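Asker: Please find the sequence and the predicted model below.
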Amino acid sequence: MSPQPPVRLENLFLHFFDTHFIEEKGLTAKTPQFKKEMRLATRMAVATAQTVYIPAASYFESELCRSLLNELDELIELGVIVLVGSSINVEEYLLERQDVNFYREGSEQYSWYRAQHSLEQLPAYLRRSRSATKDIGEHWRSLVSDDTLSRNLHDASIELPKDLDTRLERIPEELGRLAFIPQHVLEILDLKQAPSLVQARIRDAINEGYFESYVRDLDAGVIVDLRYLSSSFKMPSYGHNLSYTRMSRLLRETNLLAEFNSCHPAALGPISDKVGWQIASQYIANYPVEHHSVVAHAQTTSPPRNLIVMTTTDPSHATKSAPKKILCIAAAKVELDAIRAKFVEMLGVTPKIRYIDSNRQYPAVHMVDPESGAEWFLATLALQGNSDAAGGASLLYHNLNPDLILMVGMCMGMPRRKLEIGTVIIPVEVIGLDHSRLTEDTSQARPHFNDPSNSIQRLARLLDHSERPYPIVADKAVASATVKIEDPEAELIVKIHSSFPDVIAFDMESFGLYRGLPREAQCLWIKGVADNGDPQSETMGGRADKQIAQKLATGNAADFALELSRQWIHATEE
Amino acid sequence: MIKSSSSTLKKRRRRPFPVKRPKAVQRQLVLIGSMSVYTELCSLADFLNSAGIQTVVPEAEQEAVSNFSLNDFEQFKREVSLKHIRQVRHPETWGVLAVNIDRHGIINYIGPNTFAEIAVAFAQSKKIYLLQNIPNAYYDELSAWQAIPLQGQLDMLIQDYLKSTNTPSKQLKLFE
């Protein structure tokens, strides 16, 4: 049997460009050795891995990162280096950070994001699907539950508050919607004046969770055995790692280190081949990866901690003590008003306005369901339509980190279906029709599809629909385009009827909603049928009837959403 | 003429110039730790110098090291290690301070090189201080060698130094 040719490592994540990581390195980061190691490690990564991931924030906020990557422009064009961020795309990522409230005016970050970046020269961009804040919270809980964090803090100082252990446990809840960053945690724990070692260990616990969120998301390994760039915590990994020390020794042994350091990026491959790099990387750089049981920041004799692995698709692992956060998105003002009125009526509570983010950019109507304990955050979008639904849902999701996302409101029933006003629709398929091709004599639709099936959608289908005082359809498709239909015989409607006979309703946001949220997010579109594509009435009475229908349709959808959330919470906490 | 042996001896006992021994050479504290914590070593040394303690830090790594061949690199490592171990063993060395900051997820990390230097310090009856706490991996050894964990606070080290530098070193000097 002939030996298998060596394969490149799949994914490597470079943590050392992170600006906070560099900051914590203090004066070391200013030394030439630090920069040299960073440069060599990056070259090693691109010579070894199929894809090298770098946080988008590192790229835009660190001049050092940009200058080192600019040396590798040819590899950037090949897509070897990919930026990772939470926004939908790099344009959106930059726009979000150009907002004056995101970074303070005059700060370095503010200047960088306001600078004109040529988007063509940027590395490829990949949107993250996990929420870093949520992952840091999980990581924190695991360090608290096995006493690792408490042990490490007591090791750092003997003068710590007696109730520290209890307070550590409460941190994720006490933070609420504040960002999970060292500054906020130290404030809550009253440790802002604590010895620097105590503070450093708090920072490490958070940073470890932050980096773990990335590598877990990307199934990536990291560069280990670094000297100047080494972290005080054990760098989490979800892939094959690359040993900096051992690979640089390989280059020294073959007298190729100087050449590897200075060559043109295109020559990295041939040099690597000359020293048998890929073979070496298979044998000497692949450390066994401890998936889901990374022993972090522990004394060497400490027992391994049992990292609780929670994923958003598996809510059953969520802690019972934390109330569930439900984000309810209403596209139009009329829908928001109808949902708020329905919830006030059903929950018997007074709604309050709360900001869902620490920057106080996104206000929402806040209500608590006394039956399930869930916190509802009712928010609206700036505009109707799929693009705003995608962008808005994404922003709200990343700022709130909810357990459940529901878009509730009203939609149009497909005219030939003649659905009863107030019928609640749960889609099994969402077809987007915003993309079309216009030629001299024809207009050709280019449909795109979203699969809304997830755990909450399956639960919605399982519920006993006969208990509700309105019809529910949970096994048909919904079509979506940013077009207001006021003619049952409109060309688009006719086309949908003929090409997609399974479509039962039409709206302007469903496709954007599913497009803007990560695949594993628990989200569901629930809308009530408010009309069947009829034109706007010219009479006062006709308009009043329409408003009543809209209120009824949205109210029914809100009623179903509330019932569904209670069943979901009950099922997950069983 | 051959001089008598007794007069030769007398002459030998007499010195042309009186030997001036340095009366009170300030005793030094040697900082030990890996190159990755070099800047921490230097800032600690600055702080201790300002408190009146003479310190010695390892030789900084030359920039050229990053391009050295394996032979040159190992030669360089040998020389630097030997030089620093000599400093640890030096009769005027009062003690060592190991900069054992957390690394690779191991709190109070002590690397193999640092541990070796601590062992040399112990063999030469030097005081041993650890910047942080005692790592579990070497607890028995370092506890037996009476290593003193400082938990990030240098006050104890400074007090000990000022108190004990009035007393002579336990280590015998070669020409005394």
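Answerer: Good, I have the coordinates.
Asker: List the buried residues of stretch A:553-573.
Answerer: Under the neighbour-count criterion of 16 or more other CB atoms under 10 Å in any protein chain shown, stretch A:553-573 has A:553-562, A:564-565, A:567-569, A:572 buried. Heads up, the C-betas are built off the backbone N, CA and C, glycines and all.
Asker: what's the average pLDDT for that stretch?
Answerer: Regarding stretch A:553-573, the rounded mean pLDDT is 91.
Asker: Return, as residue ranges, the portions of chain B with sub-threshold pLDDT.
Answerer: For chain B, the stretches with pLDDT under 70 are B:1-25, B:166-176.
Asker: and the residue of chain B nearest chain A?
Answerer: In chain B, the residue that lies nearest chain A is B:Gly105 (2.6 Å; CB to the nearest CB).
Asker: how many neighbours does the nearest residue to that residue once chain neighbours are set aside have?
Answerer: Leaving aside its sequence neighbours, B:Gly105 sits nearest to A:Lys234 (CB to CB, 6 or more residues apart in numbering or on different chains; 2.6 Å). A:Lys234 is flanked by 20 other residues according to other CB atoms under 10 Å in any protein chain shown.
Asker: Would you mind measuring from A:Lys234 to A:Glu24?
Answerer: 16 Å (CB to CB, to the nearest Å).
Asker: I'd like the next helix or strand past the helix or strand encompassing A:Ile223.
Answerer: Secondary structure assignment for A:Ile223, by DSSP states H and E: strand A:221-224. Proceeding N to C from strand A:221-224, the next assigned helix or strand is strand A:242-243, under DSSP H and E.
Asker: ok, that following strand: who's next to it in the sheet?
Answerer: Next to strand A:242-243 in the sheet, as set by DSSP bridges, lie strand A:221-224 (parallel).
Asker: Restrict the strand it pairs with to CA atoms and write it as PDB.
Answerer: The C-alpha atoms that make up strand A:221-224 are tabulated as PDB, following Å, rounded to 0.1, in the frame of the first residue of the first chain:
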ATOM      1  CA  GLY A 221      -6.500  24.500  16.300                       C
ATOM      2  CA  VAL A 222      -4.100  27.000  17.500                       C
ATOM      3  CA  ILE A 223      -0.300  27.600  17.600                       C
ATOM      4  CA  VAL A 224       1.100  26.300  20.800                       C
END
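Asker: Out of the buried residues of stretch A:553-573, flag the one nearest to chain B.
Answerer: Distances from chain B to the buried residues of stretch A:553-573, taken by CB to the nearest CB, are shortest for A:Thr572, at 32.6 Å.
Asker: Show me what the host helix or strand of that closest one is packed up against.
Answerer: Assigned by DSSP H and E, A:Thr572 belongs to helix A:540-573. With contacts taken as 3 or more CB pairs under 8 Å, 6 or more residues apart in numbering or on different chains; DSSP states H and E, helix A:540-573 sits against strand A:325-330, helix A:333-347, strand A:404-413, strand A:424-432, helix A:455-462, strand A:523-531.
Asker: so which residue of chain A comes closest to chain B?
Answerer: Counting by CB to the nearest CB, chain A gets nearest chain B through A:Lys234, at 2.6 Å.
Asker: what's the pLDDT at that residue?
Answerer: Looking at A:Lys234, the pLDDT reads 88.
Asker: Confirm for me that it is in contact with B:Asp102.
Answerer: No. Counting by CB atoms under 8 Å, A:Lys234 does not reach B:Asp102; the two are 9.8 Å apart.
Asker: residues from chain B in reach of chain A?
Answerer: Contact residues, chain B versus chain A (CB under 8 Å from any CB of the partner chain): B:34-40, B:42-43, B:61, B:63, B:66-70, B:73, B:101-108, B:132-133, B:135-137, B:151-153.
Asker: Buried ones only from these, please, as a PyMOL command.
Answerer: The PyMOL command for the buried members of the residues of chain B next to chain A (criterion: 16+ other CB under 10 Å) is given here:
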select buried, chain B and resi 34+35+36+37+38+39+40+42+61+66+67+68+69+70+73+101+102+103+104+105+106+107+108+132+133+135+136+137+151+152
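Asker: from the residues of chain B next to chain A, which ones fall inside strands?
Answerer: Using DSSP state E to define strands, no part of the residues of chain B next to chain A is located there.
Asker: Could you dump the helices and strands packed on helix A:540-573 into CSV and include mean pLDDT and distance to chain B?
Answerer: Below are the helices and strands packed on helix A:540-573 laid out as CSV (pLDDT from 0 to 100; distance: least, CB to the nearest CB, whole Å):
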stretch, mean pLDDT, distance to chain B
strand A:325-330, 94, 32
helix A:333-347, 91, 46
strand A:404-413, 96, 35
strand A:424-432, 94, 44
helix A:455-462, 90, 34
strand A:523-531, 95, 36
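Asker: I'd like the ones you listed as CSV, with distance to A:Arg114 and mean neighbour count appended.
Answerer: Converted to CSV, these look like this (distance: least, CB to CB, whole Å; neighbours: other CB atoms under 10 Å in any protein chain shown):
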stretch, distance to A:Arg114, mean neighbour count
strand A:325-330, 30, 25
helix A:333-347, 32, 19
strand A:404-413, 31, 27
strand A:424-432, 33, 23
helix A:455-462, 40, 18
strand A:523-531, 33, 27
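Asker: Adding distance to A:Val144, write those out as TSV.
Answerer: What follows is the helices and strands packed on helix A:540-573, written out as TSV (distance: least, CB to CB, whole Å):
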stretch	distance to A:Val144
strand A:325-330	20
helix A:333-347	33
strand A:404-413	25
strand A:424-432	38
helix A:455-462	27
strand A:523-531	29
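Asker: quick one: the strands in the stretch 251-400 of chain A?
Answerer: Assigned by DSSP state E, counting those that start in this stretch, the stretch 251-400 of chain A shows strands spanning A:325-330, A:352-355, A:363-368, A:375-380.
Asker: Point out the other helices and strands that the first one packs with.
Answerer: Where contact means 3+ CB pairs under 8 Å, 6+ apart, strand A:325-330 is packed against helix A:333-347, strand A:375-380, helix A:386-400, strand A:404-413, helix A:540-573.
Asker: which residues are contacting the third one?
Answerer: If I follow you right, that is helix A:386-400. Outside helix A:386-400, the residues within contact range by CB atoms under 8 Å, 6 or more residues apart in numbering or on different chains are A:86-88, A:92, A:96, A:131, A:177, A:325, A:327, A:329, A:331, A:356-357, A:361-362, A:364, A:377, A:379, A:381-382, A:405, A:407, A:432, A:434, A:480-482, A:508-513, A:515-518, A:521, A:523.
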